[in-house]
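Enquirer: 3D model of this:
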Amino acid sequence: MFPLLLLATVSSVGQAQQERSPRIVAARAVVAAIVQAAEANRKQPRPLRGDELTQHYVRTAARTAQTLEASQGGQAFLLGIGVALDPSSLIRNNLLVASTWRQIESDTERRTRLAVLGEPQIHGRHDLGGLDSSSGRKRSRVGGLAQGNP
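Expert: Prediction:
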């Protein structure tokens, strides 16, 4: 009995991934646009770096989200930015959101993205705004930065 239940569960998970929700499809479009922007940026004689690179990615995500259905654009923008600018696996491996993260971006797509992403930064730092694996620890510093304490 247990093997049949396990088989049914695995089968339904595979089916759920094939039938992606509109929210997932929209977020995938945002991530794909950022990856295309990253690939194009790498080919430039003087590629964008740091804060300018982050601005470029956020603007790309915003332009893409504006082309989506109004009810999907905001969520797609936020999910897409969250996935596309995160080089760590901390959130991707979090049990609460791992399924969503992996529907938005497969392991193969993630490797491709990381190979072309570069090092986007906020205020000259890659560790603000959740852009690295230790962001949970460093997020507490953001409050201090906002109050003028480095």
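Enquirer: Which parts of this protein are helices?
Expert: Under the criterion DSSP state H, the chain contains helices at 2-18, 22-42, 50-66, 70-84, 98-104, 107-116, 135-146.
Enquirer: Quick one: closest of these to Gly124.
Expert: Proximity to Gly124 (C-beta to C-beta) singles out helix 50-66 among the helices of the chain, at 6.1 Å. Placement of C-beta: from N, CA and C, glycine included.
Enquirer: Average pLDDT for that closest one, rounded please.
Expert: Across helix 50-66, pLDDT averages out at 96.
Enquirer: for that helix, the distance to its chain's centre please.
Expert: Relative to the centre of its chain, helix 50-66 is centred 12 Å away, using C-alpha atoms, centre = their mean, to the nearest Å.
Enquirer: Let me see the contact set for the nearest residue to Gln75 once chain neighbours are set aside.
Expert: Leaving aside its chain neighbours, Gln75 sits nearest to Arg23 (5.6 Å; criterion: C-beta to C-beta, 6 or more residues apart in numbering). Going by C-beta atoms under 8 Å, 6 or more residues apart in numbering, Arg23 touches Gln72, Gln75, Ala76, Leu79.
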